[in-house]
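**Q** Give the three-dimensional model of this entry:
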Amino acid sequence: MAVVSEPQAEQDVPSQEARTGHEPEPSATVWPDAAAIPRYVDKYFTRTKDCVARFGDKQVTYAVFMRRPVTCAPKLAVEWIQNVARERGIDISVELNFKEGAWVGAGEPILTISGSFYHLVDMETQYLQKLGAACVAAYNAYMMCVELPKAGFLAMDARHCAGVQMAELMAYGASVGSNKAKAKVGAVGFIGNASDETAHYFGQTAGLGTMPH
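**A** Sure, this is the predicted structure:
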């Protein structure tokens, strides 16, 4: 598989299983896996897949864009696509048109995905979820940090997100926006977050907790 991406370096931290003795919740980069996709995909795409199976597969290229300005935060979506391709034993090419942290205008393709129409069509629901939410979070985090450049922010994804995968998407997005603000205007940005699992996105080995409330 040929994939062009620029993943953000992460610090090594103990796994959730090592810290708690329990199996970790599946990461947004691996869940849903290939076997579970049919349970979570928009049925429109499974019907399309049935049509492709009946009338013949084609090699296609998707241009993936957002309908509003965002900050590019593609890592989790790209890693999920890579993992599904590996599970299915297929070749998928992903080409990024913007670097992580770049400003992306409404309607501009953030990335292109090329491969078998049959295998790509039912992946769209999930990679759009993983891409769009993170990009909007990155945009919002950047604007916050630029408006208050001397303030240190704590990501409160543990409190306000609907589940651990959304928390991962929001923490990653916030870290991208924060890093951009640090580079652009010297902002303090995000200094940490609430919980251990996503602390590595902010250069920490453990969560700092939320503000007293």
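**Q** what's the following helix or strand after the longest helix anywhere in the chain?
**A** Ranked by residue count, the top helix of the chain under DSSP state H comes out as helix 124-147. Heading C-terminal from helix 124-147, the first helix or strand you meet, by DSSP states H and E, is strand 152-155.
**Q** Go through the helix or strand following that following strand and flag the buried ones.
**A** Going down the chain from strand 152-155, the next helix or strand is helix 157-160, by DSSP H and E. Neighbour-count burial for helix 157-160 flags 157, 158 (criterion: 16 or more other CB atoms under 10 Å). From N, CA and C alone the C-beta is placed, and that goes for glycine too.
**Q** elements contacting helix 157-160?
**A** Identification of packing neighbours for helix 157-160 by 3 or more CB pairs under 8 Å, 6 or more residues apart in numbering; DSSP states H and E yields helix 164-185.
**Q** If you count neighbours, what's buried in the helix it packs on?
**A** Buried-residue list, helix 164-185, by 16+ other CB under 10 Å: 164-182.
**Q** how about the residue most central in space within the chain, secondary structure?
**A** In the chain, the centroid-proximal residue (CA atoms, centre = their mean) is residue 76; its distance is 3.2 Å. Three-state assignment for residue 76 (DSSP: H, G, I helix; E, B strand; the rest coil): helix.
**Q** do the same with residue 38
**A** Following three-state DSSP, residue 38 is assigned to helix.
**Q** I'd say it and residue 122 touch.
**A** Yes: between residue 38 and residue 122 there is a contact under CB atoms under 8 Å: 7.1 Å.
**Q** Can you work out which residues contact both of those two?
**A** Common contact partners of residue 38 and residue 122 (CB atoms under 8 Å, 6 or more residues apart in numbering): residue 46.
**Q** So if I had to pick from these two, which one is more boxed in?
**A** A direct count of neighbours by other CB atoms under 10 Å for residue 38 and residue 122 places residue 122 higher, at 23 against 13.
**Q** Thought residue 51 was touching that one, still the case?
**A** No: using CB under 8 Å, residue 122 is not in contact with residue 51, being 11.9 Å away.
**Q** that older thread, just list what the longest helix of the chain packs against, helices and strands only.
**A** So helix 124-147, by 3+ CB pairs under 8 Å, 6+ apart, packs with helix 37-40, strand 59-65, strand 70-71, helix 75-88, strand 109-116, strand 152-155, helix 164-185, strand 189-193.
**Q** who wins for proximity to residue 96 among those?
**A** For the helices and strands packed on helix 124-147, the distance to residue 96 is smallest for strand 109-116, at 5.0 Å, taking CB to CB.
**Q** Remind me what the closest one packs against, helices and strands.
**A** Using 3+ CB pairs under 8 Å, 6+ apart: strand 109-116 touches strand 59-65, helix 75-88, strand 93-96, helix 124-147.
**Q** quick one on the thing from earlier: could you say which one of the helices and strands packed on helix 124-147 comes nearest to residue 135?
**A** Closest among the helices and strands packed on helix 124-147, once you apply CB to CB, is strand 70-71, at 3.8 Å.
**Q** List the neighbouring strands of that closest one plus their orientation.
**A** For strand 70-71, the paired strands and their directions (DSSP bridges) are strand 103-104 (antiparallel).
**Q** Quick one: residues in contact with the strand it pairs with.
**A** 65, 66, 69, 70, 71, 72, 98, 110, 135.
**Q** cutoff 7 Å now
**A** Strand 103-104 has contacts (CB atoms under 7 Å, 6 or more residues apart in numbering) with 66, 69, 70, 71, 72, 98, 110.
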